[in-house]
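Participant: Got a predicted model here, sequence first, then my questions.
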Amino acid sequence: MLNPKKTNIIRNIISILKAGVFSLLRLISRNMIIPPFRVILLRLTGIKIGKLVMINMDTRFLDDFIPGLIQIDDGVAVAPNVTFVACSYPNRSFIGNLYDLEKRGKIHVKEGAWIGTGAVINPGITIGKGAVIGSNAVVTKNVEDFSIMVGVPARKIGDVRKKPKRNLSGI
Ligand SMILES: CC(C)(COP(=O)(O)OP(=O)(O)OC[C@H]1O[C@@H](n2cnc3c(N)ncnc32)[C@H](O)[C@@H]1OP(=O)(O)O)[C@@H](O)C(=O)NCCC(=O)NCCS
């Protein structure tokens, strides 16, 4: 029977090894040129991803590898270089002792939403079904279904349902 101190050391070693392997899988996924393999690698590291999801290259998921802390539903499209910040803290900076900056909250992107390149999604945010997030937006509040959001902080500029329908007759 191991004493509690040894058990703790073993637990710490296992969690360091797990973080190392998961970091490597995420690194490979960011550079993986075959989209379905990218999704498989991300799922292996704890991100919940539905069917027919497109996640482009160079996208980052900050979730401390907590399973399900980031959930992406069916049919979502994520452009390159998007950052999902589900966990946020200033690491070892003294600032962390001055006031409580630590934030951790589930990010949920609902069915069919589209996130433009360079967008940043803050902790605890839900992005509604069919919503559009413009390039380089910083999303700091929940986004309603079908809203079109742009800017820093992201603000609503329209509704997908009110946009003219796509004319496919000439294609
Ligand atoms: C948000 C977006 C969908 C809006 O497209 P749209 O409905 O055609 O809107 P418009 O281009 O007519 O722009 C409407 C207004 O929003 C502004 N706007 C558009 N995109 C913006 C953005 N990313 N950031 C800030 N403002 C933006 C425009 O300047 C315009 O402002 P104005 O009314 O004061 O002139 C589009 O601009 C966008 O960012 N798409 C994402 C592109 C992308 O990342 N693709 C990834 C490829 S995988």
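Facilitator: Structure received.

Participant: which element is residue 15 on?
Facilitator: helix 4-31 (DSSP states H and E).

Participant: Just the buried positions in the next helix or strand after that helix, please.
Facilitator: For helix 4-31, the succeeding helix or strand toward the C-terminus, using DSSP H and E, is helix 35-44. For helix 35-44, the neighbour count (16 or more other CB atoms under 10 Å) marks 38-39, 41-42 as buried. Backbone N, C-alpha and C define where each C-beta goes, glycine included.

Participant: any idea how far stretch 96-106 is from the chain center?
Facilitator: Mean-position distance between stretch 96-106 and its chain equals 18 Å (CA atoms, centre = their mean, to the nearest Å).

Participant: List the buried residues of that stretch.
Facilitator: residue 106.

Participant: returning to what we had before: tell me which two of the buried residues of helix 35-44 sit farthest apart.
Facilitator: By the measure CB to CB, 39 and 41 form the most distant pair in these, at 7.4 Å.

Participant: contacting residues around the residue nearest the centre of the chain?
Facilitator: Centroid check for the chain by CA atoms, centre = their mean gives residue 84 as the closest residue, at 3.3 Å. Shown in contact with residue 84 (CB atoms under 8 Å, 6 or more residues apart in numbering): 59-63, 70, 107, 121.

Participant: Residues of this structure that sit close to the ligand?
Facilitator: Residues of the chain lying near the ligand by CB under 6 Å from any ligand atom: 56, 79, 116-117, 132, 134-136, 148, 150-151, 157.

Participant: any idea how far the closest residue to residue 85 other than its chain neighbours is from the ligand?
Facilitator: Once flanking residues are discounted, residue 85 sits nearest to residue 62: 4.9 Å by CB to CB, 6 or more residues apart in numbering. Distance check for residue 62 against the ligand: by CB to the nearest ligand atom, to the nearest Å, it reads 20 Å.
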